[in-house]
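> sharing a sequence plus its predicted fold:
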Amino acid sequence: MLNSVSFLNGIAHTPGQKVSTFPKQSVGLDRDVFQKTSNIAFKGLPSLEPPVKTTIIAKRTGEQLDAVIKFCDDEGKDKLKLVANKLLMGEVTFINMPKHPYYGLFENKDYVSKGCIFVTLIDSNFRKKYAQVGTRLMQEIVRRSLKEGHEGRVILQSTNGSSPFYHKLGFKPYLDPEGRCTKAIIDKINNPKKYSFLDNAIVEMYLPEENAAKLLAK
């Protein structure tokens, strides 16, 4: 239960339990540890829900393909899996973060403390052949945030130059007072092959509540 769990550097633990401390960046990278402890603390989501119908696009022909998004418990991790033509096109791993006064893993503490969905990993297969897989998965993440009463709040740590993708969906980098990160993201969108610090950076990004509806309308 939440009243019997405390947090140290973003890691949930029960009273009397010995917990190792990590540098903040290491905690952010060790997502398996965070996923496991968060599932224990928050007891996860229901194990089975009806599949959600959606569509993706075949890039070569422009044809719309019927697809479904399934919610499942995959070895203790909450995942949404998008399936089309009996193939796994992509999946997203996430954690439901209930309203809580403090999460040490994140810089944007006011946002997270209201409750949100934390996307720990998103992967899209067959990227050269199919479009909108990642977008459809993130739209379903927003719907889950709304369902959980989080008003569409979603937070993540973009890696490997993925910030432009999230920016197009309406996410914003946190702690960017001079707009340096935002300018770099826009430059990367216009010049995908150009190297920038984003290629090797971990950028904490969040979806403003007012952008949730815009993402669902894409």
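In hand now; what should we look at?
> who is residue 78 paired with across the strands?
residue 73, residue 94 (DSSP bridges).
> thought it was touching residue 94?
Yes: counting by CB atoms under 8 Å, residue 78 does reach residue 94; the two are 5.6 Å apart. Yep, even glycine has a C-beta here, placed from its N, CA and C like the rest.
> in the protein, which helix is the longest?
helix 133-147 (DSSP state H).
> any weak-confidence spans in this structure?
1-48, 102-103 (pLDDT under 70).
> strands of that one, start to end?
6-8, 11-13, 52-58, 64-74, 77-84, 87-97, 116-124, 130-131, 154-158, 172-173, 203-206 (DSSP state E).
> in the fifth one, what's buried?
Buried positions in strand 77-84, judged by neighbour count with 16 or more other CB atoms under 10 Å: 77-82, 84.
> correct me, but residue 100 touches residue 113?
Yes: counting by CB under 8 Å, residue 113 is a contact partner of residue 100 at 6.1 Å.
> coming back round to it: mind putting the strands of the chain in JSON lines, distance to residue 214 included?
Compiled in JSON lines, these are given as follows (distance: least, CB to CB, whole Å):
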{"stretch": "strand 6-8", "distance to residue 214": "32"}
{"stretch": "strand 11-13", "distance to residue 214": "33"}
{"stretch": "strand 52-58", "distance to residue 214": "18"}
{"stretch": "strand 64-74", "distance to residue 214": "20"}
{"stretch": "strand 77-84", "distance to residue 214": "20"}
{"stretch": "strand 87-97", "distance to residue 214": "19"}
{"stretch": "strand 116-124", "distance to residue 214": "17"}
{"stretch": "strand 130-131", "distance to residue 214": "19"}
{"stretch": "strand 154-158", "distance to residue 214": "13"}
{"stretch": "strand 172-173", "distance to residue 214": "12"}
{"stretch": "strand 203-206", "distance to residue 214": "14"}
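> skip the chain neighbours and tell me the closest residue to residue 146.
residue 152 (5.5 Å; CB to CB, 6 or more residues apart in numbering).
> that neighbour: what's it in contact with?
142, 145-146, 207, 209, 211-213 (CB atoms under 8 Å, 6 or more residues apart in numbering).
> now with 6 Å, please.
Contacts for residue 152 (CB atoms under 6 Å, 6 or more residues apart in numbering) come out as 142, 145-146, 209, 212.
> then residue 137?
Per CB under 6 Å, 6+ apart, neighbours of residue 137: 80, 82, 90, 92.
> one more time with 7 Å, if that's ok
Residue 137 makes contact with 69, 80, 82, 90, 92, 122, according to CB atoms under 7 Å, 6 or more residues apart in numbering.
> I'd like the distance between the most centrally placed residue in the chain and residue 84.
In the chain, the centroid-proximal residue (CA atoms, centre = their mean) is residue 119; its distance is 2.0 Å. Distance from residue 119 to residue 84, counting by CB to CB, to the nearest Å: 21 Å.
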